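Chemist: need coordinates for the following:
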Amino acid sequence: MARILVVEPDPQARRFLSSVLEFGGHVVVEASSGDEAILAIGQARIDVAVSELRLPRLTGAGLVRAAGRMDENLPCLILGGSGDLDAIDDALEAGAVGIIPKPTTPRQILCCVARAYERRLFAADAVRGMLLVGLVEAWRSA
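Modeler: Prediction:
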């Protein structure tokens, strides 16, 4: 299925998220900080990033911005609770495509990730469509 980056500094929470996603058929790449997440995005194809808002040395919004510069079609989801409203707003303004509420359930995690992955697939289809239109136009003008 999809390759999901889980960015969570808390080892127990990271393991819970990874286990849910693996159970859902996804391949999971784990990171405990924003710096590790940026390295992971640069090293392998990531289909969806799921990140805690509060990370060491980098905010969730900062990670969303950095991920967008590296891959403009990478959908980022943020884990946040009702006490994080300002940080959630910052992450959404930075380009996050959704919020996974805290506390959360496996079903919420899988549903949010599925929607974000669909977004990724639609973006890839749109790019392929634009390339195809360009090829057809070039062929017609030749």
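
Chemist: is the spatially most central residue of the chain in a helix, a strand, or coil?
Modeler: Centroid-nearest residue in the chain: residue 49, 2.3 Å away (criterion: Cα atoms, centre = their mean). Secondary structure state of residue 49, per DSSP: H, G, I helix; E, B strand; the rest coil, is strand.

Chemist: residue contacts, it?
Modeler: 4, 5, 7, 37, 41, 63, 67, 74, 75, 76, 77 (Cβ atoms under 8 Å, 6 or more residues apart in numbering). Every C-beta, even on glycine, is put in place using the N, C-alpha and C of the backbone.

Chemist: out of those, which is nearest to residue 90?
Modeler: Each of those was scored against residue 90 by Cβ to Cβ, and residue 63 proved nearest at 11.2 Å.

Chemist: next, count neighbours for that closest one.
Modeler: Residue 63 has 29 neighbours, counted by other Cβ atoms under 10 Å.

Chemist: I'd assumed residue 7 was in contact with it.
Modeler: Yes: using Cβ atoms under 8 Å, residue 63 is in contact with residue 7, at 6.6 Å.

Chemist: spell out which residues are contacts of both of these two.
Modeler: By Cβ under 8 Å, 6+ apart, residue 63 and residue 7 have these common neighbours: 34, 37, 49, 51, 55.

Chemist: quickly list what the nearest residue to the fourth one once chain neighbours are set aside is bridged to.
Modeler: Using Cβ to Cβ, 6 or more residues apart in numbering and skipping the chain neighbours, the partner closest in space to residue 51 is residue 7 (3.9 Å). Beta-bridge partners of residue 7, counted by DSSP bridges, are residue 31, residue 51.

Chemist: count of neighbours near residue 7?
Modeler: Counted with other Cβ under 10 Å, residues neighbouring residue 7 total 29.

Chemist: what do you get for residue 118?
Modeler: Applying other Cβ under 10 Å, I find that residue 118 has 13 neighbouring residues.

Chemist: quick one: it is in a helix?
Modeler: Yes: counting by three-state DSSP, residue 118 is part of a helix.
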